[in-house]
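K.L.:
quick check, what structure comes out for this input:
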Amino acid sequence: MTAGSAAGQAACLGRPLVWVGELGSTNDLARMLVAAGSQEGAVVVADRQTRGRGRQGRVWASPAGGLWCSVILYPSADSPQGLLSLAVAVAVAETVEQFVAEPAGIRWPNDVEIAGRKVAGILIEATGAAVVVGVGINVGVELQAMPPDVAVRAGSLHLIAGRPIERRAVLEALLARLADRYAAWAAGGNAVVNAWGSRDLLRGKPVTVVHSDPAVEGVAEGIDQEGALRIRTASGAIRQVVAGDVSNHSFS
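P.N.:
Numbering: from 1, shown residues only. You can find the predicted model right below:
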């Protein structure tokens, strides 16, 4: 499948499906598949990752019990590129809510949380005409298997739900929601902005954005039509932030 032919091809997500026991990074293998000519919708899943990574080059703890996967997409260059990660975050939030009895919120740009604990993260990487969408969901991860600094703010679906949850069922739900949100994203950005905004965990809260130059402080005012975080500074001016890490009083 070529670039620009993605929208509406919901049934293609997950074909082919490559599921391995242990892998350095599902994103890395997906990038190799792109180089080999893999079609849109191909998915790589690993039971464990030994070199999983998150945003800003961080290590992503990927022990047994999680759903660690990457989806290959060929988005149209005409689609709102800055909103793709937000569309994926909405799809992930909608997915995890199918398995627990609590609502999922999103911390800009795409960390998915339930009851103040991070249950999923997203890393999107471009490679040629393709985009590799990496998603990590703590489905049945035991928190003691994670580094202590990660475990203190992490959540796992089976602990929240109080019952075992099948990773394959979560994968199937994720691919269905991702297909829908991907098609909506390709059709324009308004639906993504509205859906993401209804799950915004930062709106109205005092925040500091680090890894921007200089750091930006103020009150989060949602996102704009390009997916940038809007921050009202002490002067009353609105600053748009397109990248960085956000801290606020409820999360550190």
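
K.L.:
please count neighbours and contacts with C-alpha atoms only from this point.
P.N.:
Fine.

K.L.:
so where's the stretch 1-150 of the chain shaky on pLDDT?
P.N.:
1-11, 52-60 (pLDDT under 70).

K.L.:
where do the helices sit along it?
P.N.:
Applying DSSP state H, counting those that start in this stretch to the stretch 1-150 of the chain gives helices spanning 26-35, 84-96, 148-151.

K.L.:
among those helices, which comes closest to E221?
P.N.:
helix 84-96 (16.0 Å; Cα to Cα).

K.L.:
check which helices and strands the closest one sits against.
P.N.:
Applying 3 or more Cα pairs under 8 Å, 6 or more residues apart in numbering; DSSP states H and E, we find helix 84-96 packed against strand 104-107, strand 111-114, strand 117-127, helix 167-187, helix 190-197.

K.L.:
now these as JSON lines including mean neighbour count and distance to G204?
P.N.:
JSON lines is the format used below for these (neighbours: other Cα atoms under 10 Å; distance: least, Cα to Cα, whole Å):
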{"stretch": "strand 104-107", "mean neighbour count": "24", "distance to G204": "13"}
{"stretch": "strand 111-114", "mean neighbour count": "24", "distance to G204": "17"}
{"stretch": "strand 117-127", "mean neighbour count": "20", "distance to G204": "19"}
{"stretch": "helix 167-187", "mean neighbour count": "19", "distance to G204": "26"}
{"stretch": "helix 190-197", "mean neighbour count": "19", "distance to G204": "12"}
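
K.L.:
how does the chain divide into domains?
P.N.:
10-197, 206-248 (automatic domain parsing).

K.L.:
avg pLDDT for the shortest one?
P.N.:
With pLDDT averaged residue by residue, domain 206-248 scores 86.

K.L.:
circling back: deepest-packed of the helices of the stretch 1-150 of the chain, please.
P.N.:
Greatest average neighbour count among the helices of the stretch 1-150 of the chain goes to helix 84-96 (a mean of 25), per mean count of other Cα atoms under 10 Å.

K.L.:
any idea how far it is from the chain center?
P.N.:
6 Å (Cα atoms, centre = their mean, to the nearest Å).

K.L.:
what of stretch 178-186?
P.N.:
On Cα atoms, centre = their mean, the centre of stretch 178-186 falls 14 Å from that of its chain.

K.L.:
again with stretch 146-163
P.N.:
Offset of stretch 146-163 from its chain centre (Cα atoms, centre = their mean): 17 Å.

K.L.:
once you drop chain neighbours, what's closest to V92?
P.N.:
Counting by Cα to Cα, 6 or more residues apart in numbering, the nearest residue to V92 once its immediate chain neighbours are dropped is L174, at 6.4 Å.

K.L.:
what's the closest of the helices and strands packed on helix 84-96 to A61?
P.N.:
Nearest to A61, of all the helices and strands packed on helix 84-96, is strand 117-127, at 10.8 Å by Cα to Cα.

K.L.:
orientation of the closest one relative to helix 26-35 in degrees?
P.N.:
Computed with axes from the mean of the first three to the mean of the last three Cα atoms, to 10 degrees, the direction of strand 117-127 lies at 30 degrees from that of helix 26-35.

K.L.:
now strand 117-127 against helix 84-96, angle please.
P.N.:
Our comparison of strand 117-127 with helix 84-96, counting by the same axes, to 10 degrees, yields an angle of 140 degrees.

K.L.:
coming back round to it: which of the helices and strands packed on helix 84-96 sits closest to C69?
P.N.:
Set against C69 and scored by Cα to Cα, the helices and strands packed on helix 84-96 come closest in helix 167-187, at 8.5 Å.
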